[in-house]
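**Student:** coordinates only, sequence not included:
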């Protein structure tokens, strides 16, 4: 019997990711994210999210894309840094919750996040980040990025449940997390590009 | 407490009034069914809707941005407008539809009275490719005896069908992409599905996972090249030479499918050495027919093609003509090999700037893999001799026995959309047998400016981003526009072209259009697209607009069907049984139905071709007069091997990209956040030679025009070429626009097949660092 | 409320505010596994004070919402919480504290986070009026009392034009009350912001109908009819209040430390600590509003009354208690929300000789940068949060900013900041088979 709490997580297949930015825009639509702010970004190999460029010298080139959003880290630096309890890791499912009403716009979370996953209102600094499209879960939906990705490169589910679709996906290929040496226990696992 | 001002009431947290199944259908041709969540006649969000077959659901950033930001864009046109002041001044006065119909109806009548009805011209493009939208422009021209300016050549997409037609008797075909996983080798020429067919990319990934090797041929390191196993980077416009190099390897190493070539191509046909004509039965026997002749090995004599059991591909044979002369004849194949012999891998390596060893190994791989799926795109069309590239692909495919073979073939475009729009009901297009005239739209500038072959005095454009997607807009303004008494543009936004119109009419987006049939560009699904929200402002669809004008002119009798009746009529009276067999009620209920075609879909699977010989005509006698009876290579019109290159050494491309389908999405804020400006991509060596650093303002120019933008240095650009992402408007450039640097030069071969194709990328330019940043500081961004 | 009889070797935290709670969290995070006892004189668990003058005053939130950490946090981290009882003495030699009810608790190490109490108005009549008539705003109980009066109070007088006074004014005028602010100095927010910023806020309040009286020295209070209070000023002007709120500052609760012989700073009033939050006793740390830390420039000490300081100094103190030494050197920052305006301030303005304005106050969004010659000292940003965040990094990372760059609103300050995030995969990926073109002709 699985006695672990749920841990919601993502698997992103960088081979299938074509860097089309549909996930970024789908997220903006679903969550009414303001212009200039992003819950999700897709970077190229040189950490640009506009003006993508290949790596290498002509003609020996490579190019891949990296979607990244809040990793809902098990040891989230943003939670530790937040002076108002706006950011909090929920035990029941491992999601890092952001309560906008408590946010004072100090942006300390943004200073600590290893993934640059937070964005801020330019006037009053209120933080915003991926909330796993929680409002869709009750009806059996998942994050919008998963729904809209045209190549099916993003998977979502409970990584602590070996029978979940996510766990089955994870078993298919070698995978890594980003910035593993920062040791924050992130919950996005990537397949090789 | 500070409140967060300006948050839109959209997204998934707002409860909709209703959810409507409709179809996202801009010119990407993905044709993705969506569920539109509507509240207060605004779209809150869209989600992919189900297809009849599982696993097809998809949507993309363009569709999302369009639904959310173009429909209710602050600059959305909402009322008919009449020009005040000079053309292009940008001053408008609002009129009612009644006034608009009166103005237009009366003006069209006057023009017809003065110059003849054909002086009124219509042209449509692909901004809305629903059935009604695609056909009503031609329809009204037919009804009123006007002129249709054909759009294929101006679209720049005719070189694929023009490559195909003389060889296959058909304009193009393709396997069903969902079968890609059956292929073992996928050779992609000038196509970038990761950017332009991303809704189908999953099939390419499935194929790769099933073990297929994918090779991409593209001068630029595209998004697809990044995913492929191998990338080949030829000089722009030299694909035909590359393929000739491959053919030489295949012939030299005896890898061609000789049986197929003998049986299914016209390669054995004897060609007379005296006049280059094909030998016919009438040449050798009195009272003989026009039957084509081969040299039969067993009979050791010329025989009719269909009678010969053992036709030969090689050799020279003397044939006695009925006039008593003897003439040497060679099988066409023998002639072709002679003609192609100079394209050795080493020679081709020089032409294409691709290593000879690469040419060898991809030739071998293609010829020995089975099934080998060739997937060809629009890129190679965009040169003056672009139909030769497509002819080359077909030739290569035929020599390897791949045409008509399952999961192989030479695949360009095929799907429900082609079927829907290529065989519309006759009575719909030309009601009561009324016909207008047709002129090639690719020459419209010259036609209007010169008044030849006859004057065109009014021009009405629909579904056309004319100001950015066609060349020489400034020439149009200066030379053609003054000849027009009336210039009408139907649009959703005040585009670069609409600014110069006399009348601008607001048209609905596909979310607001009551009903139309749309079909997948690369898939086999037909959709009934239904309205999700009420028309914005007073916008109408093209059918309703043309109806209003015709009624004003007392010619409304052909426009009395409702939108729904038109769709039903089009379906039930369609010329293609695969379409007309679809049940209207089922389509209406389900929204999407599969078009039933035989599975697996194998184009030309019966190996019967609509050509004179019934075979693939590798030798095309009809083009002999142009020196193109056989596949040949011709340098691009503006090539770096000409004197012109001393002044303008770089080829300018405008690559397609995932962020916009043509000019439709480049003004949308979410798109601009990711792709804010059209930078000129150039290789660092070419930039360094000009003292250009990343982000510098550059001037790009040739003898026809110029534009200014910022430079982006990228190793992914082949040295010797530069490229901008296509679809951006004038306001996005610091000055000018790339379209001004283009040209259209009459191509006699293409005129003979269909019409000249607009060679978008067959242009040489020079790039120079701009000395001051004054222009940069003065720019105003559009769409933020 | 439990007292652990097994409380022998352990850390005792005296104080029940944010610093105390943060200290506990960091102790456990840094691996401290021993006993922790929290002694707080307020009846509830540690909560956040800033919302008291905002959402809580407006009645928009219940007390639970204010908690800095949920109650389950303390149980989970094995903390004994003694609430509603003050510590009355520290026996440093015996390593023991005595509570007001007589109990004693032993400690291995002690953390003092006793915070501040309000400075009371000491004018004639104040004591008489005090009973239910003079309101301060420091605790939940204070605001509950104010809220009880709000239903019947129309005229509100606020003595003190500092952050608390102005935030309360903003909230109450929006709730429909008639509000007067009496400030003794010649402008609101005296000494903490430049005149330009003070004037901006003053103007905003006046636009909303708040009456601001500067140079108002309160000399007496009288009880008026129907529970009103009459405030008498030195110039003879009198103000009648249905509700009187006083926000004239706070005093650090250092009596416990002083009595125990810990070094305290006369000038700034707090318990002296070094940059590791260590007091003059090796086994005692202090953090938050009650502590005076080294002033980075003057050689003396300073005491900060901010949430940022409470949290960061507490973090430092806890780290020190765990035997690790991580110095606390951060540019102080603070914020204030009034109407739809958020003022965010970072750095210290003392010694500033040049002010550079960025943006236009008329738009409601601007920043004021304070320089000492070429050296950036601080920024006060109103609805220009990006400027605030960038400046904090400029100050903490010692990155220069020129006057011209500060003044140019089109120059993104973030350009000066080195990229902080580098996304990387720390292991190599297995190679993909791919035959690349070798050399090109």
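**Tutor:** Arrived safely. What you see is a predicted model; the values in this text were computed from it and never measured.
**Student:** and the gap between residue A:43 and residue B:625?
**Tutor:** 55 Å (CB to CB, to the nearest Å). (C-beta placed from N, C-alpha, C; glycine too.)
**Student:** which one of these two has more residues nearby?
**Tutor:** Relative neighbour count places residue A:43 above the other of residue A:43 and residue B:625, with 18 against 12, counting by other CB atoms under 10 Å in any protein chain shown.
**Student:** wait, is that one part of a strand?
**Tutor:** Yes: assignment of residue A:43 by DSSP: H, G, I helix; E, B strand; the rest coil places it within a strand.
**Student:** That one reaches residue C:422, doesn't it?
**Tutor:** No: taking CB atoms under 8 Å as the definition, residue A:43 is not a contact partner of residue C:422, at 11.0 Å.
**Student:** Okay, now the unreliable bits of the chain?
**Tutor:** Picking chain A for this. Along chain A, the parts satisfying pLDDT under 70 run over A:1-3.
**Student:** oops, chain B please
**Tutor:** Where chain B drops to pLDDT under 70, the residues are B:1-8, B:772-784.
**Student:** tell me the domain boundaries of it?
**Tutor:** For chain B, the domain assignment from automatic domain parsing gives the residue ranges B:81-156+B:425-513+B:540-577, B:159-256+B:343-416, B:643-778.
**Student:** Tell me how many other residues crowd residue C:356.
**Tutor:** 19.
**Student:** in a helix, that's where it is, yeah?
**Tutor:** No: counting by three-state DSSP, residue C:356 is not part of a helix but strand.
**Student:** how about the domains of chain B in JSON lines, adding distance to residue A:154?
**Tutor:** As requested, the domains of chain B are arranged in JSON lines below (distance: least, CB to CB, whole Å):
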{"stretch": "domain B:81-156+B:425-513+B:540-577", "distance to residue A:154": "27"}
{"stretch": "domain B:159-256+B:343-416", "distance to residue A:154": "13"}
{"stretch": "domain B:643-778", "distance to residue A:154": "17"}
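**Student:** surely residue B:752 meets residue B:623?
**Tutor:** Yes: in this structure, residue B:752 is within contact of residue B:623 by CB under 8 Å, at 7.1 Å.
**Student:** can you map out the helices along chain A?
**Tutor:** When secondary structure is read from DSSP state H, chain A shows helices at A:22-31, A:77-81, A:108-112, A:144-148, A:165-170.
**Student:** quick one: the residue positioned nearest the centre of chain C from residue C:185, how far?
**Tutor:** The residue at the geometric middle of chain C, judged as the C-alpha nearest the mean C-alpha position with CA atoms, centre = their mean, is residue C:306 (2.1 Å). In this structure, residue C:306 lies at 21 Å from residue C:185, with CB to CB as the measure.
**Student:** do the same with residue C:161
**Tutor:** For residue C:161, the distance to residue C:185 under the criterion CB to CB works out to 7 Å.
**Student:** just residue B:673 next, same as before
**Tutor:** 47 Å.
**Student:** higher neighbour count, the two?
**Tutor:** With neighbours defined as other CB under 10 Å, residue B:673 and residue C:185 compare such that residue B:673 has more, 21 against 15.
**Student:** check contacts around the more buried one.
**Tutor:** Residues touching residue B:673, when contacts are defined by CB atoms under 8 Å, 6 or more residues apart in numbering or on different chains, comprise A:35-36.
**Student:** Over to it. Which of the three states is it?
**Tutor:** helix.
**Student:** Listing request: residues of the stretch 251-400 of chain C with sub-threshold pLDDT.
**Tutor:** With pLDDT under 70 as the threshold, the stretch 251-400 of chain C has no low-confidence stretch at all.
**Student:** what about the helices in it?
**Tutor:** In chain order, the stretch 251-400 of chain C shows helices spanning C:255-259, C:307-321, C:385-396, with DSSP state H, counting those that start in this stretch as the criterion.
**Student:** Now that we have these, can you turn them into TSV and tack on mean neighbour count and distance to residue B:441?
**Tutor:** Compiled in TSV, the helices of the stretch 251-400 of chain C are given as follows (neighbours: other CB atoms under 10 Å in any protein chain shown; distance: least, CB to CB, whole Å):
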stretch	mean neighbour count	distance to residue B:441
helix C:255-259	16	89
helix C:307-321	26	67
helix C:385-396	23	50
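**Student:** Among the ones you listed, which comes closest to residue B:510?
**Tutor:** Ranking those by distance to residue B:510, with CB to CB as the measure, places helix C:385-396 first at 38.4 Å.
**Student:** Run the contact check for that closest one versus chain A.
**Tutor:** Yes: using CB under 8 Å from any CB of the partner chain as the criterion, contacts between helix C:385-396 and chain A involve C:385-386, C:388-389, C:392-393.
**Student:** Turn those residues into CSV, columns for distance to residue B:617.
**Tutor:** Shown next, in CSV, are the residues of helix C:385-396 next to chain A (distance: CB to CB, whole Å):
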residue, distance to residue B:617
C:385, 70
C:386, 66
C:388, 73
C:389, 69
C:392, 74
C:393, 70
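**Student:** so of the domains of chain B, which one's packed in deepest?
**Tutor:** Neighbour counts averaged per stretch over the domains of chain B are highest for domain B:159-256+B:343-416, at a mean of 23; criterion: mean count of other CB atoms under 10 Å in any protein chain shown.
**Student:** Endpoints of that domain, how far apart?
**Tutor:** One end of domain B:159-256+B:343-416 to the other measures 21 Å (CA to CA, to the nearest Å).
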